[in-house]
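*Asks:* Prediction below, plus the sequence it came from.
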Amino acid sequence: MAESFATNDFISEAIEKHADLVRRICYLHLKNKADVEDVFQEVFLQFFLNFHTFESEEHQKAWLCRVTYNRCKDYYRSFWRRKVVSLQSMEIPYETPEQASLMEQRNKPTEPGNK
């Protein structure tokens with residue numbers, strides 16, 4: 001049981017220490033907050049599964065950098081990333097012309113001074 005607490009402390013300490021580094025690498029490659037959080041979780045899950053293999057602090061940091069970079073590449077190559085389309089880029093059919101005109105007015109940028 002004491003070993004479990006030590007493991008949790010070790011992993012929590014590593015997350016606190018390296019979270020910023022991992023997120024920065026993810027943002028550099030993915031440029032999307034939701035994608036960054038997904039990859040961040042995957043990286044630290046893999047870290048949890050392999051934490052006993054690190055020889056030093058430098059080895060741990062290098063491992064995290066490499067795994068983060070590889071996970072970002074994997075995410076770009078994934079089926080999900082290639083097939084998902086954002087809702088903003090989709091044209092949505094409307095039932096009536098009134099609905100279409102209301103949505104056009106709603107999405108039109110407002111001019112400064114007009115509200």
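*Replies:* Nice, thanks for sending it over.
*Asks:* Mind listing what's buried along stretch 63-77?
*Replies:* Neighbour counts using 16 or more other CB atoms under 10 Å place 63-64, 67-69, 71-72, 75 of stretch 63-77 among the buried residues. In short, each C-beta sits where N, CA and C put it, glycine included.
*Asks:* That should have said stretch 15-31, apologies.
*Replies:* 18, 22-23, 25-26, 29-30.
*Asks:* so what secondary structure elements neighbour the helix or strand where Ala62 lies?
*Replies:* For Ala62, the host element (DSSP states H and E) is helix 57-77. Contacts defined by 3 or more CB pairs under 8 Å, 6 or more residues apart in numbering; DSSP states H and E place helix 57-77 against helix 2-30, helix 33-50.
*Asks:* re the thing from before, of the buried residues of stretch 15-31, just say which sits nearest to Phe51.
*Replies:* His18 (11.9 Å; CB to CB).
*Asks:* got the contact list for Leu21?
*Replies:* Shown in contact with Leu21 (CB atoms under 8 Å, 6 or more residues apart in numbering): 61, 64-65, 68.
*Asks:* Tabulate the residues you listed in TSV, adding columns for pLDDT and distance to Phe40.
*Replies:* Listed next are the contacts of Leu21 as TSV, based on pLDDT from 0 to 100; distance: CB to CB, whole Å:
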residue	pLDDT	distance to Phe40
Lys61	92	16
Leu64	93	11
Cys65	96	13
Thr68	96	8
